[in-house]
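Trainee: sequence? don't have it. structure:
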């Protein structure tokens, strides 16, 4: 019986990156207390959460989606996305528990669901180097959603919310308040292909890598591998100097 592994839809997406490094992935997933020197600003999560509140509150008051979501097409309503503890799918063949929590879950006029993810970032479409992560993440959510009673899922989309920070906007008087200032956001919609079939091969590859007793060879030219090797060499050299001095 394989030991059960757990991975989020977003982390699974790293396996789909063109520059994916199996050695780095193995090290990241096997670090007993997590990786050192990791800092992720919480402000991005706060903005995504605020965006969800803005959308849901508008729906509650006006019974329709805000105008800046018009490119998603007609929406009949929304569902509160389940907590990640309840939004999960066990892939039997690999015994990997796929988890996550979508930013948005909309109901379409035909009764099917649309899953969206908010990204506080400049819109660059599929040219975004992280797009394979987002594509995998949304399709993983589709697989999980349909296993948790939210079938059928018929559409996926990324919603980029880009801060408006140019000088012209900054010069407007009405953005200033007594307690601070306001910042606007420009929304761009990027439809994502619904393709559940991409998930199983990524889970199988994840299982194969993480079952290895030691790290596999890294990707040729991987900068992170070079940094790890440089760090190990530095530590060993200093230990050698101390032992021989």
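Mentor: Everything's here; your move. Note that this is a predicted model, so its numbers are computed, not measured.
Trainee: by contact count, what packs against the longest strand belonging to the chain?
Mentor: The longest strand of the chain (DSSP state E) is strand 153-163. Secondary-structure packing of strand 153-163 (3 or more CB pairs under 8 Å, 6 or more residues apart in numbering; DSSP states H and E): helix 43-62, strand 113-119, helix 131-147, strand 185-192. From N, CA and C alone the C-beta is placed, and that goes for glycine too.
Trainee: let me have the ones you listed in a markdown table, extended by distance to residue 201.
Mentor: Below are the helices and strands packed on strand 153-163 laid out as a markdown table (distance: least, CB to CB, whole Å):
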| stretch | distance to residue 201 |
| --- | --- |
| helix 43-62 | 29 |
| strand 113-119 | 21 |
| helix 131-147 | 11 |
| strand 185-192 | 18 |
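Trainee: those: which one's closest to residue 237?
Mentor: helix 131-147 (36.1 Å; CB to CB).
Trainee: buried set for the closest one?
Mentor: 131-145 (16 or more other CB atoms under 10 Å).
Trainee: returning to what we had before: may I see the buried residues of the longest strand of the chain?
Mentor: Going by neighbour count (16+ other CB under 10 Å), the buried part of strand 153-163 is 153, 155-162.
Trainee: and of the residues you listed, the nearest to residue 113?
Mentor: Distances from residue 113 to the buried residues of strand 153-163, taken by CB to CB, are shortest for residue 153, at 4.8 Å.
Trainee: tell me the bridge partners for that closest one.
Mentor: Applying DSSP bridges to residue 153 gives these bridge partners: residue 113.
Trainee: just the helices in the chain please.
Mentor: Taking DSSP state H as the criterion, the chain contains helices spanning 9-14, 22-30, 43-62, 131-147, 167-170, 199-210, 223-244.
Trainee: what sits against residue 202?
Mentor: Contact analysis of residue 202 by CB atoms under 8 Å, 6 or more residues apart in numbering lists 12, 15-16, 136.
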